[in-house]
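S.K.: Prediction below, plus the sequence it came from.
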Amino acid sequence: MKTYKIAVIAGDGIGPEVIDAGIEVLKKAAALDSTFQFQFTYFPWGCEFYTKHGKMMDENGIDQLKEFDAIYLGAVGFPGVPDHISLWDLLLRIRKEFDQYVNIRPVRLLKGAKTSLMDVKREDINMLFIRENSEGEYSGAGEWLFKGRENEVVMQNSVFSRKGTERIIRYAFETAKNQKRSLTSISKANALNYSMVFWDQVFEEVSAEYPEVETSSYLVDAAAMLMIKDPKRFEVVVTSNLFGDILTDLGAAIAGGIGLAAGANINPERNYPSMFEPIHGSAPDIAGKGIANPLAAIWSASQMLDFFGYESYGKEVLNAIEELLTEGQVLTPDMGGTASTQEVAERIVEIMDSRIASGKLHV
Ligand code: NAD
Ligand code: IPM
Ligand code: MN
């Protein structure tokens, strides 16, 4: 039997609550198949760890993680530790060190999920965001000069390398080609006269290699407007690190809410572990109450199953989410219900069981 070693970094706030739920579902999926299982190893890293040890993870944390097949992460960041420290020393560090340069974030209105938009059909909201995840506005480079003085100057550098830009755009073209869908590039060359002019140029160059893929290109401000006004224009979407961050929270708002938005940080070459996480944060306002929506973490678990090649189980997890949303009985408060995180997880597992019993499960 194949064993997948999963490093679990539940992290801060609602992180551990939603990750527990996701692990229940992953265990259920593995129990359906005698050929594979998961072995979970928990790492207590995060803001509490920082408060005790003065660092976000063990000194050799990255080396420890290298041994795993994937990382399952809840959320990082909590009041008390400055966000730029907690995030740069853990989440962003892992994305960079493991060259997880593709961030896949579906913005898709699942069956039963409610959109905040009026007059749209479910099929109209079905985008696949491919966010550059290793450089760009998140290069981490900059300078802070003359701190506290009148002539204080702060610079935050965006870095778009030929390699980094080409590989994400090529990945997006391959995805669009395989899925037989159009590809939209989102940039901002009218104002960002180096980085985004370069981005657009690379998009055009790579586009010439994929004549079968229909393309379009939008400025990010107009794209944000059109995602609300006419979401069906967008199918596969490729964009930079910061624009992808912002637009996928906007996407979450039109596709059922932030509690439902999933993401996968992928190292396509599989030289290092990839990382699966909901796109939301640690939600300090509801942490510890047991009411966080675990569906985003569960959808990310489904992405993990896909990544390991168990697409039929990944699909079953999504089917169970859709069935739960359609029933509309066991939902957390953010979706208008009164259920707890744990109750949602239990219902998902029950639905998977009942699909097996009724022969609906096609795996
Ligand atoms: P957030 O996503 O944590 O919360 C924004 C709002 O959405 C809050 O009202 C919260 O209650 C709600 N929300 C988020 N997830 C939810 C869920 N699963 N169920 C129900 N409601 C949910 O964003 P924020 O408040 O801007 O950030 C809080 C902390 O999390 C900060 O430290 C930030 O840096 C960090 N953060 C981490 C990640 C990550 O680890 N991937 C992502 C985003 C933010
Ligand atoms: C996300 C988060 C992170 C990001 C933060 C916490 C650094 O917002 O995963 O969307 O900006 O990538
Ligand atoms: Mn974000």
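M.R.: Noted; the coordinates are in hand. Ligands and ions are numbered 1, 2, ... in the order given.

S.K.: When you work out contacts or count neighbours from here on, use the C-alpha atoms and nothing else.
M.R.: OK.

S.K.: Against Met1, how distant is the residue of the stretch 51-200 of the chain found nearest ligand 2?
M.R.: As assessed by Cα to the nearest ligand atom, ligand 2 sits closest to Leu87 within the stretch 51-200 of the chain, at 5.5 Å. For Leu87, the distance to Met1 equals 36 Å [Cα to Cα, to the nearest Å].

S.K.: For the helix or strand that contains Phe243, buried residues please.
M.R.: Assessed by DSSP states H and E, Phe243 sits inside helix 241-254. Neighbour-count burial for helix 241-254, counted by 16 or more other Cα atoms under 10 Å, picks out 241-245, 247-254.

S.K.: pLDDT weak spots in this structure?
M.R.: The chain contains residues with pLDDT under 70 at 361-363.

S.K.: near ligand 2, which residues of it?
M.R.: Residues of the chain lying close to ligand 2 by Cα under 6 Å from any ligand atom are 87, 245, 279.

S.K.: What about ligand 1: which of the residues you listed touch it?
M.R.: Restricting the residues of the chain next to ligand 2 to those near ligand 1 by Cα under 6 Å from any ligand atom leaves Ile279.

S.K.: Make JSON lines from the residues of the chain next to ligand 2 and add distance to Gly11 to it.
M.R.: Formatted as JSON lines, those follow (distance: Cα to Cα, whole Å):
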{"residue": "Leu87", "distance to Gly11": "11"}
{"residue": "Asp245", "distance to Gly11": "20"}
{"residue": "Ile279", "distance to Gly11": "13"}
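
S.K.: Tell me the one of the residues of the chain next to ligand 2 nearest ligand 1?
M.R.: Comparing the residues of the chain next to ligand 2 against ligand 1 with Cα to the nearest ligand atom places Ile279 closest, at 5.4 Å.

S.K.: Gly336: neighbour count?
M.R.: Applying other Cα atoms under 10 Å, we find 11 residues neighbouring Gly336.

S.K.: For stretch 54-64, give me every contacting residue.
M.R.: 45-47, 49-50, 86, 89-90, 94, 97 (Cα atoms under 8 Å, 6 or more residues apart in numbering).

S.K.: Could you rerun that using 7 Å?
M.R.: 45-47, 49-50, 86, 89-90 (Cα atoms under 7 Å, 6 or more residues apart in numbering).

S.K.: Now it: buried residues?
M.R.: When burial is assessed from 16+ other Cα under 10 Å, stretch 54-64 yields the following buried residues: 55-57.

S.K.: Pipe those into JSON lines and attach secondary structure per row.
M.R.: Listed next are the buried residues of stretch 54-64 as JSON lines, based on DSSP: H, G, I helix; E, B strand; the rest coil:
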{"residue": "Lys55", "secondary structure": "coil"}
{"residue": "Met56", "secondary structure": "coil"}
{"residue": "Met57", "secondary structure": "coil"}
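
S.K.: and ligand 1, which of those residues contact it?
M.R.: Counting by Cα under 6 Å from any ligand atom, no member of the buried residues of stretch 54-64 is near ligand 1.

S.K.: JSON lines for these, including distance to Asn293?
M.R.: Listed next are the buried residues of stretch 54-64 as JSON lines, based on distance: Cα to Cα, whole Å:
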{"residue": "Lys55", "distance to Asn293": "29"}
{"residue": "Met56", "distance to Asn293": "25"}
{"residue": "Met57", "distance to Asn293": "26"}
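
S.K.: Return the closest of those residues with respect to Val76.
M.R.: Met56 (9.6 Å; Cα to Cα).

S.K.: For the protein, which residues are neighbours of ligand 1?
M.R.: Near ligand 1, when you scan the chain using Cα under 6 Å from any ligand atom, you find 75-78, 83, 258-259, 279-283, 285-286, 292-294, 334.

S.K.: more crowded one of Leu87 and Met1?
M.R.: Shown here are Leu87 and Met1; by other Cα under 10 Å, Leu87 has more neighbours (20 against 8).

S.K.: Helices of the stretch 51-200 of the chain, start to end?
M.R.: With DSSP state H, counting those that start in this stretch as the criterion, the stretch 51-200 of the chain has helices at 61-66, 83-86, 92-97, 162-179, 195-207.

S.K.: between the ones you listed, which gets nearest to Ile356?
M.R.: Checked against Cα to Cα, the stretch from those lying closest is helix 162-179, at 28.7 Å.

S.K.: Could you check the angle the closest one makes with helix 195-207?
M.R.: 50 degrees (axes from the mean of the first three to the mean of the last three Cα atoms, to 10 degrees).

S.K.: Mind giving me the packing neighbours of helix 162-179?
M.R.: helix 195-207, strand 236-239 (3 or more Cα pairs under 7 Å, 6 or more residues apart in numbering; DSSP states H and E).

S.K.: For that helix, which outside residues touch it?
M.R.: 102, 130, 132, 182-183, 199, 202-203, 206, 213, 236, 238.

S.K.: now with 8 Å?
M.R.: So helix 162-179 is in contact with 101-102, 130-132, 134-135, 182-183, 199, 202-203, 206-207, 210, 212-213, 236-238, going by Cα under 8 Å, 6+ apart.

S.K.: ok, Leu219 touching Thr184?
M.R.: No: in this structure Leu219 lies outside contact range of Thr184 using Cα atoms under 8 Å: 10.5 Å.

S.K.: okay, these two: which has more neighbours?
M.R.: Thr184 (24 against 15).

S.K.: count of neighbours near the nearest residue to Thr51 once chain neighbours are set aside?
M.R.: Excluding the flanking residues, the one nearest Thr51 by Cα to Cα, 6 or more residues apart in numbering is Val81, at 7.9 Å. By the measure other Cα under 10 Å, the count of residues near Val81 is 16.

S.K.: Repeat that for Ala296.
M.R.: Neighbours of Ala296 (other Cα under 10 Å): 25.

S.K.: my guess is it is in a helix, correct?
M.R.: Yes: the assignment for Ala296, made by three-state DSSP, places it in a helix.
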